[in-house]
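Chemist: Just the structure for this:
(chains A and B)
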2 protein chains.
Amino acid sequence: MATIKDVAKKAGVSVATVSRAMNDKGYVHENTRKLIDEAIRELNYKPNEVARSLYNKKSRLIGLILPDIRNPFFPELARGVEDKMQEHGFRLIIGNADEQLDKELDYIETFKQNNVIGLISASTNAVLTHYEKLSFPLVLLDRTSDHHPSVQADGYEGGRLAAKELVSRGSTRITLLKGPVELQTAQERFKGAVDELFNANVHFDVMTTASFAFHNAEYWAKELFEKYPDTDGVIASNDVVAAAVLHEAHRLGKKIPEQLQIIGFDDIPFSQFLYPPLSTIRQPAYEMGREAAKLLIRQINGETLEAKRIQLPVQFIERQTTRKEERND
Amino acid sequence: MATIKDVAKKAGVSVATVSRAMNDKGYVHENTRKLIDEAIRELNYKPNEVARSLYNKKSRLIGLILPDIRNPFFPELARGVEDKMQEHGFRLIIGNADEQLDKELDYIETFKQNNVIGLISASTNAVLTHYEKLSFPLVLLDRTSDHHPSVQADGYEGGRLAAKELVSRGSTRITLLKGPVELQTAQERFKGAVDELFNANVHFDVMTTASFAFHNAEYWAKELFEKYPDTDGVIASNDVVAAAVLHEAHRLGKKIPEQLQIIGFDDIPFSQFLYPPLSTIRQPAYEMGREAAKLLIRQINGETLEAKRIQLPVQFIERQTTRKEERND
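Modeler: Sure thing, here's the model as predicted:
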């Protein structure tokens, strides 16, 4: 078990300096602080609780990049990350990339310059090369990669489940809203749904929604019914889009779920308050956030995880935009 | 007009050092950097565009404290702050205080330690003493104080308007949901509504909702109809609570707006997708965020604003949870 002397020796400073750094008393140069930080991490040094807590508060800053805080799915993810991080004495700061690559790059820079000791990114951009040369651990959230630890929900199964539930409840002319093409999770959902619909031999049309953002959802909804007025089942790319489809369907006087079934994706808190309450595929956003935080903490504590992937299960939440299943008892 | 020489002289360093600091080339001690930063600010020195943009990226970090990112009102505020800050080359990091004072204090510390050059707080806590001794400018958002510049919407008028619209549309047994007691904006709305209802001589009951948070909204909604089953008009403390009330009213088979009118507060994006679409008092969240950013930037540029208050107007958004106004033409 490492002692404060070992840390001082490794960092090439005095015990008093390590103590000053950890207790936040007196001046310690920033570079010295980094050396001490590294030594503590490498030696897995565990100070007593009080000292550690002071130390934690001083430097244990975690960055989180969200693609769009206006989509309620992401604040829910963030809360999971936050709660887990707080249990371990870390602090979380959030950057909102607004689905834009330049903003995302900007946040990576900001976090570097502010000495975060770990980063969780729920980026929507396909290009991951700018995450290659970080000096601190990284976890990808809501996507995967071959090079980094990641946490996501089982999108393929989610898409499959959405299609299966609509078909088994009697929809025969389904419209499948495909999320942004550059988005891995959206593509997996799409593949799952397509595979299931092919297997079931059900007619379906595909419409691409180029964004998950709120202000575009209404537009997709209108376009959907213009293009496919006879659709009797909609698999929405997420709950925000599903809410817009539901709204547009009401406006057109369609009876839900009798004439039209709608199924969402995410299960954001608002979905239960829609009318009728939205049937959807639940992603465990809060739990995903917690798992990502756990993976990051393990790395901060010195474990090498490489491309470890954690995939959490999805679940069909039956509410009232889908009909009761026809049973052959 | 100040030159780079003036900055160097004031900071007590060489021109080369100022240049290094601004171009992020070579080593400049953190304390020196601060002196240069101060000199630039005091002299209102304007470097050429390229140099400034590099300099901005290096050190122009702004902190934003939100009380609850799960309430869609706050991400909207944040987007306003963010867009304005970005136009001026600042970067924004967000802390979610989760309606808890200790988390809020934690973020103030974090931002201090990470050298933010300004802070915008949309804190919900009444105690403002912990904002007294900051070394950087502060703007309060969605609340006011006698000691700091602030931006908020006209809550009193909002409450008054909500009451007026329900009364003029025929509600006679109104339930007024009062937001958290410690929350200034909630209290102002409440006062506005009470004054209007007294003037109109209409019967009303008051129920306090101790939080604006999502997970509690359903609870308030159920309690409301248990306590006041005959209510024919609800003034909700915000749109999230209004959505929950609407949902519960459907469950109880009430006809909306014929038997029950509901009016929200905020106009979050989801309100238009509710069924019927929610009538509400709109706070211009995005614009509020932008105004707060402007006030902060003015201070960063050296202006002293003291307790300047900016109050933005609210607006009744007529949708379909209120009846058509009875006209005596």
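Chemist: which non-adjacent residue is nearest the residue of the stretch 151-300 of chain A found nearest chain B?
Modeler: Nearest residue of the stretch 151-300 of chain A to chain B: A:Tyr275, at 3.8 Å (C-beta to the nearest C-beta). All C-beta atoms are positioned from the backbone trio N, CA, C, and that covers glycine. Excluding its sequence neighbours, the residue lying closest to A:Tyr275 (C-beta to C-beta, 6 or more residues apart in numbering or on different chains) is B:Tyr275, at 3.8 Å.
Chemist: mind checking the SS state of that neighbour?
Modeler: What DSSP: H, G, I helix; E, B strand; the rest coil gives for B:Tyr275 is coil.
Chemist: who's in contact with it?
Modeler: Residues in contact with B:Tyr275, defined by C-beta atoms under 8 Å, 6 or more residues apart in numbering or on different chains, are A:Leu246, A:His247, A:His250, A:Leu274, A:Tyr275, B:Leu246.
Chemist: The last one sits in which helix or strand?
Modeler: Here B:Leu246, judged by DSSP states H and E, is contained in helix B:239-251.
Chemist: how about that helix, does it get close to chain A?
Modeler: Yes - using C-beta under 8 Å from any C-beta of the partner chain, helix B:239-251 reaches chain A at B:Ala243, B:Ala244, B:Leu246, B:His247, B:His250.
Chemist: Now do the phi/psi pair for the residue nearest to A:Tyr275.
Modeler: The phi/psi pair for B:Tyr275 (degrees, to the nearest 10) reads phi -130, psi 120.
Chemist: what's A:Gln152 sitting at in phi/psi?
Modeler: Torsion angles, degrees, to the nearest 10, at A:Gln152: phi -150, psi 170.
Chemist: what about the strands in chain A?
Modeler: In chain A, the strands defined using DSSP state E lie at A:61-66, A:91-96, A:118-121, A:138-141, A:150-153, A:173-178, A:203-208, A:233-235, A:261-266, A:279-282, A:309-312, A:315-317.
Chemist: what would those strands look like in TSV with mean neighbour count and mean pLDDT?
Modeler: What follows is the strands of chain A, written out as TSV (neighbours: other C-beta atoms under 10 Å in any protein chain shown; pLDDT from 0 to 100):
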stretch	mean neighbour count	mean pLDDT
strand A:61-66	26	94
strand A:91-96	25	91
strand A:118-121	26	96
strand A:138-141	26	94
strand A:150-153	26	95
strand A:173-178	22	96
strand A:203-208	15	95
strand A:233-235	28	98
strand A:261-266	29	97
strand A:279-282	26	98
strand A:309-312	16	95
strand A:315-317	17	98
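Chemist: Turn the ones you listed into JSON lines, including distance to chain B.
Modeler: Formatted as JSON lines, those follow (distance: least, C-beta to the nearest C-beta, whole Å):
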{"stretch": "strand A:61-66", "distance to chain B": "7"}
{"stretch": "strand A:91-96", "distance to chain B": "4"}
{"stretch": "strand A:118-121", "distance to chain B": "13"}
{"stretch": "strand A:138-141", "distance to chain B": "15"}
{"stretch": "strand A:150-153", "distance to chain B": "19"}
{"stretch": "strand A:173-178", "distance to chain B": "16"}
{"stretch": "strand A:203-208", "distance to chain B": "19"}
{"stretch": "strand A:233-235", "distance to chain B": "15"}
{"stretch": "strand A:261-266", "distance to chain B": "12"}
{"stretch": "strand A:279-282", "distance to chain B": "14"}
{"stretch": "strand A:309-312", "distance to chain B": "20"}
{"stretch": "strand A:315-317", "distance to chain B": "15"}
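Chemist: Point out the residues in the stretch 51-200 of chain A that sit beside chain B.
Modeler: Contact residues (C-beta under 8 Å from any C-beta) of the stretch 51-200 of chain A with chain B: A:57-58, A:61, A:69-70, A:72, A:75-76, A:78-79, A:82, A:86, A:91-96, A:98, A:103, A:106-107, A:109-110, A:113-115.
Chemist: Pull out the buried members of the residues you listed.
Modeler: Among those, the ones that count as buried by 16 or more other C-beta atoms under 10 Å in any protein chain shown are A:57-58, A:61, A:69-70, A:72, A:75-76, A:78-79, A:82, A:86, A:91-96, A:98, A:103, A:106-107, A:110, A:113-115.
Chemist: and A:Ile117, what does it touch?
Modeler: Contacts of A:Ile117 (C-beta under 8 Å, 6+ apart): A:Asp37, A:Ser59, A:Arg60, A:Leu61, A:Ile62, A:Phe136, A:Pro137, A:Ile300.
Chemist: Quick check: which ranges of the stretch 201-329 of chain A have low pLDDT?
Modeler: A:212-213, A:326-329 (pLDDT under 70).
Chemist: Kindly report the residues of it close to chain B.
Modeler: Neighbours of chain B within the stretch 201-329 of chain A, by C-beta under 8 Å from any C-beta: A:214-215, A:243-244, A:246-247, A:250, A:269-270, A:272-275, A:277.
Chemist: go again using 6 Å as the cut-off
Modeler: Contacts of the stretch 201-329 of chain A with chain B, taken as C-beta under 6 Å from any C-beta of the partner chain, map to A:Phe214, A:Ala243, A:His247, A:His250, A:Pro269, A:Phe270, A:Phe273, A:Tyr275.
Chemist: Buried only: go through these for me.
Modeler: A:Phe214, A:Ala243, A:His247, A:His250, A:Pro269, A:Phe270, A:Phe273, A:Tyr275.
Chemist: Nearest to B:Arg41 among the residues you listed?
Modeler: Nearest to B:Arg41 among those is A:Phe214, at 37.5 Å by C-beta to C-beta.
Chemist: Quick check: closest non-adjacent residue to the closest one.
Modeler: Per C-beta to C-beta, 6+ apart, closest to A:Phe214 is B:Pro269, 4.8 Å.
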